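K.L.:
This is the structure alone, sequence omitted:
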């Protein structure tokens with residue numbers, strides 16, 4: 001009886017809050033509202049949201065749980081909000097799972113915008129781009145070459161390439177963040193991140209985020225998420241202790257050393273507060289979550305598209321052979337000279353356009369009253385940029401649903417894609433991700449011809465009911481060695 005009374009009270013409070021919000025907004029010119037409230041159940045949500053834009057326009061509202069959210073479906077509206085008016089839309093909504101995973105907003109990806117957040121981002125970005133300057137590209141080149149050498153020993157059997165890419169990108173983050181690491185450390189962090197992401201993406205957590213008062217009731221999904229976060233924190237804290245015990249002031253071996261020596265200093269910006277060790281902890285978490293599955297998934301999409309388009313793969317290998325010589329699979333093109341490989345750059349851009357790994361980005365929150373495309377956006381409104389929808393806009397892109405890298409080779413080029421977001425919340429790891437995509441795909445195509453086992457092409461449709469990331473359905477690829485030492489049976493033999 002007490003439980004029923006509590007449920008009725010919560011329902012009454014939610015209804016009163018909804019009515020009060022509607023009364024406050026009665027004089028505003030709000031975006032049109034999409035009918036229905038089961039949009040999250042659609043199997044391919046970004047494409048569904050783009051379809052709604054055909055009748056409602058590129059800016060509209062829809063109901064998610066207990067609140068309205070505004071969805072942006074065009075490059076123009078996304079850039080208006082996130083670039084032109086970035087101060088108005090740089091916030092993050094306070095969602096129950098976000099607060100748990102981000103250790104109460106000490107996180108960059110999930111934390112709300114503030115002067116302290118800005119200082120935190122600056123420190124982490126400096127650790128990657130300044131602290132690792134001169135060592136990042138050689139490290140990625142070395143690990144990518146070792147990756148291809150390992151795969152050459154398995155040329156006689158098909159490879160589940162997604163898992164291989166996932167371990168490679170996790171290894172890169174481990175080495176950049178912690179210094180040289182044994183395979184056991186890489187595998188431990190890889191498994192930890194995979195477990196956390198699977199648990200976080202579970203439907204029970206999505207429901208909790210949409211209907212927050214459910215967190216007051218027993219939830220096995222929430223209990224598992226807390227356990228995954230505790231396991232993650234235990235591993236990161238172990239690395240923090242190891243670094244503090246052996247660190248030399250004024251020198252840094254890796255990104256963690258660099259960040260640890262940046263905390264506790266007087267704030268550079270007035271009112272920003274002081275960075276603490278907890279911020280370094282969450283920077284590490286961000287690097288692993290944002291730098292492992294996203295890049296590995298993009299690499300997997302690239303392989304899948306090339307299996308479907310062998311003529312593009314052939315042209316890419318001809319481009320590599322012209323620049324580096326046929327059979328020279330250990331030669332390299334420095335990233336600063338990447339313009340020497342225009343088709344490879346165009347192919348990467350096309351994969352990012354068609355399959356942005358985080359197709360709806362992470363939700364933003366308006367920090368003050370503003371407007372988008374002439375519509376009023378009240379303070380505190382959750383705003384979702386439909387990046388994939390913007391990349392498929394027929395008014396911007398020619399043949400938008402086709403895999404056509406040559407669009408980026410045309411005179412004048414194509415409109416820039418938004419795969420990494422834009423504005424103040426642009427992906428922190430974009431420079432590293434672009435470097436990895438260029439180096440790994442270049443080395444893979446130098447070393448191998450990619451073939452479907454027994455002609456079985458992978459699906460180009462994302463996993464239905466995916467979470468934050470646009471994940472692929474599992475597939476295998478046959479890696480046929482190129483060069484004088486090419487050997488082994490072909491696919492299907």
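P.N.:
That came through, no problem. Just so it is clear, the structure is predicted and the values come from calculations on it, not from any experiment.
K.L.:
Which helix or strand in this protein has the lowest average pLDDT?
P.N.:
Lowest mean confidence among the helices and strands of the chain (mean pLDDT, DSSP states H and E): helix 2-24, at a mean of 52.
K.L.:
Wait, residue 102 touches residue 110, no?
P.N.:
Yes: with contact defined as CB atoms under 8 Å, residue 102 counts as touching residue 110 (4.0 Å). No exception for glycine: its C-beta is placed from N, CA and C like everyone else's.
K.L.:
just the helices in the stretch 101-250 of the chain please.
P.N.:
With helices called from DSSP state H, counting those that start in this stretch, the stretch 101-250 of the chain shows them at 115-126, 136-152, 161-178, 183-200, 203-210, 220-246.
K.L.:
tell me which residues in the second one are buried?
P.N.:
Buried residues in helix 136-152, counting neighbours by 16 or more other CB atoms under 10 Å, are found at 136-137, 139-141, 143-145, 147-148, 151-152.
K.L.:
in its sheet, what does the helix or strand hosting residue 71 sit against?
P.N.:
Element membership of residue 71, judged by DSSP states H and E, is strand 67-72. Strand 67-72 pairs in its sheet with strand 59-64 (antiparallel), strand 382-385 (parallel), by DSSP bridges.
K.L.:
So which elements touch the following helix or strand past the last one?
P.N.:
Okay, so that is strand 382-385. As assigned by DSSP H and E, the chain's next helix or strand after strand 382-385 is helix 387-391. Under the contact definition 3 or more CB pairs under 8 Å, 6 or more residues apart in numbering; DSSP states H and E, helix 387-391 sits against helix 45-56, helix 75-79.
K.L.:
packing partners for the last one?
P.N.:
Contact analysis of helix 75-79 by 3+ CB pairs under 8 Å, 6+ apart lists helix 387-391 as its packing neighbours.
K.L.:
Let me know the average pLDDT across the helix it packs on.
P.N.:
Per-region confidence: helix 387-391 scores 94 on mean pLDDT.
K.L.:
What is the distance between that helix and the centre of its chain?
P.N.:
Distance of helix 387-391 from the chain centroid (CA atoms, centre = their mean, to the nearest Å) equals 14 Å.
K.L.:
try stretch 425-432
P.N.:
Mean-position distance between stretch 425-432 and its chain equals 9 Å (CA atoms, centre = their mean).
K.L.:
And stretch 317-329, by the same measure?
P.N.:
Computed by CA atoms, centre = their mean, the separation of stretch 317-329 from the middle of its chain amounts to 31 Å.
K.L.:
That stretch: which residues count as buried?
P.N.:
Buried residues in stretch 317-329, counted by 16+ other CB under 10 Å: 317, 319-320, 324, 329.
K.L.:
Can you pull out the residues in contact with that stretch?
P.N.:
Residues from elsewhere that reach stretch 317-329 (CB atoms under 8 Å, 6 or more residues apart in numbering): 148, 331-333, 340-344, 442-443, 445-447, 449, 482-484.
K.L.:
Between the helices of the stretch 101-250 of the chain, which one is closest to residue 457.
P.N.:
Proximity to residue 457 (CB to CB) singles out helix 161-178 among the helices of the stretch 101-250 of the chain, at 13.6 Å.
K.L.:
hey, where'd the strands end up in the stretch 351-493 of the chain?
P.N.:
364-365, 370-372, 375-377, 382-385, 448-451, 478-481 (DSSP state E, counting those that start in this stretch).
K.L.:
Adding distance to residue 91, write these out as JSON lines.
P.N.:
Listed next are the strands of the stretch 351-493 of the chain as JSON lines, based on distance: least, CB to CB, whole Å:
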{"stretch": "strand 364-365", "distance to residue 91": "4"}
{"stretch": "strand 370-372", "distance to residue 91": "11"}
{"stretch": "strand 375-377", "distance to residue 91": "12"}
{"stretch": "strand 382-385", "distance to residue 91": "9"}
{"stretch": "strand 448-451", "distance to residue 91": "43"}
{"stretch": "strand 478-481", "distance to residue 91": "45"}
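K.L.:
between those, which gets nearest to residue 76?
P.N.:
Set against residue 76 and scored by CB to CB, the strands of the stretch 351-493 of the chain come closest in strand 370-372, at 9.9 Å.
K.L.:
give me every residue that touches the residue nearest to residue 81 when sequence neighbours are not counted.
P.N.:
Nearest residue to residue 81, sequence neighbours excluded (CB to CB, 6 or more residues apart in numbering): residue 89, at 4.6 Å. By CB under 8 Å, 6+ apart, residue 89 lies in contact with 81-82, 364-367, 370, 383, 423.
K.L.:
if we can go back for a sec, return the most buried member of the helices of the stretch 101-250 of the chain.
P.N.:
Of all the helices of the stretch 101-250 of the chain, helix 161-178 has the most neighbours on average by mean count of other CB atoms under 10 Å, namely a mean of 23.
K.L.:
Which elements pack onto it?
P.N.:
Using 3+ CB pairs under 8 Å, 6+ apart, the elements in contact with helix 161-178 are helix 136-152, helix 183-200, helix 220-246, helix 255-260, helix 277-291, helix 293-308, helix 430-447.
K.L.:
Make TSV from these and add mean pLDDT to it.
P.N.:
Shown next, in TSV, are the helices and strands packed on helix 161-178 (pLDDT from 0 to 100):
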stretch	mean pLDDT
helix 136-152	94
helix 183-200	92
helix 220-246	94
helix 255-260	94
helix 277-291	93
helix 293-308	96
helix 430-447	95
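K.L.:
any chance of those helices in a markdown table, plus distance to residue 74?
P.N.:
A markdown table is the format used below for the helices and strands packed on helix 161-178 (distance: least, CB to CB, whole Å):
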| stretch | distance to residue 74 |
| --- | --- |
| helix 136-152 | 34 |
| helix 183-200 | 29 |
| helix 220-246 | 34 |
| helix 255-260 | 36 |
| helix 277-291 | 25 |
| helix 293-308 | 23 |
| helix 430-447 | 21 |
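K.L.:
Determine which of those helices approaches residue 389 most closely.
P.N.:
helix 293-308 (17.3 Å).
K.L.:
okay, the angle between that closest one and helix 161-178?
P.N.:
Following axes from the mean of the first three to the mean of the last three CA atoms, to 10 degrees, one obtains 150 degrees for the angle between helix 293-308 and helix 161-178.
K.L.:
Just checking, which helix or strand succeeds helix 293-308 along the chain?
P.N.:
Criterion used, DSSP H and E; the element after helix 293-308 is helix 310-324.
K.L.:
what's the span of stretch 411-419 from first residue to last?
P.N.:
22 Å (CA to CA, to the nearest Å).
K.L.:
for stretch 405-419, same thing?
P.N.:
First-to-last residue span, stretch 405-419, CA to CA: 15 Å.
K.L.:
quick check: mean pLDDT across that stretch?
P.N.:
The average pLDDT within stretch 405-419 is 84.
K.L.:
Need the contact partners of that stretch.
P.N.:
By CB under 8 Å, 6+ apart, stretch 405-419 touches 75, 78-79, 312, 342-343, 345-347, 349-350, 352-353, 356-357, 385, 387, 390-391, 396-399.
K.L.:
now do stretch 51-70
P.N.:
Stretch 51-70 is contacted by residues 14, 17-18, 30-34, 36-37, 39-40, 49, 71-74, 76-77, 209-212, 363, 372-373, 375, 377, 381-384, 386, 389 when judged by CB under 8 Å, 6+ apart.
K.L.:
tell me which residues in that stretch are buried?
P.N.:
For stretch 51-70, the neighbour count (16+ other CB under 10 Å) marks 52-53, 56, 58-65, 67-70 as buried.
K.L.:
just stretch 419-430 next, same as before
P.N.:
Going by neighbour count (16+ other CB under 10 Å), the buried part of stretch 419-430 is 419-425, 427-429.
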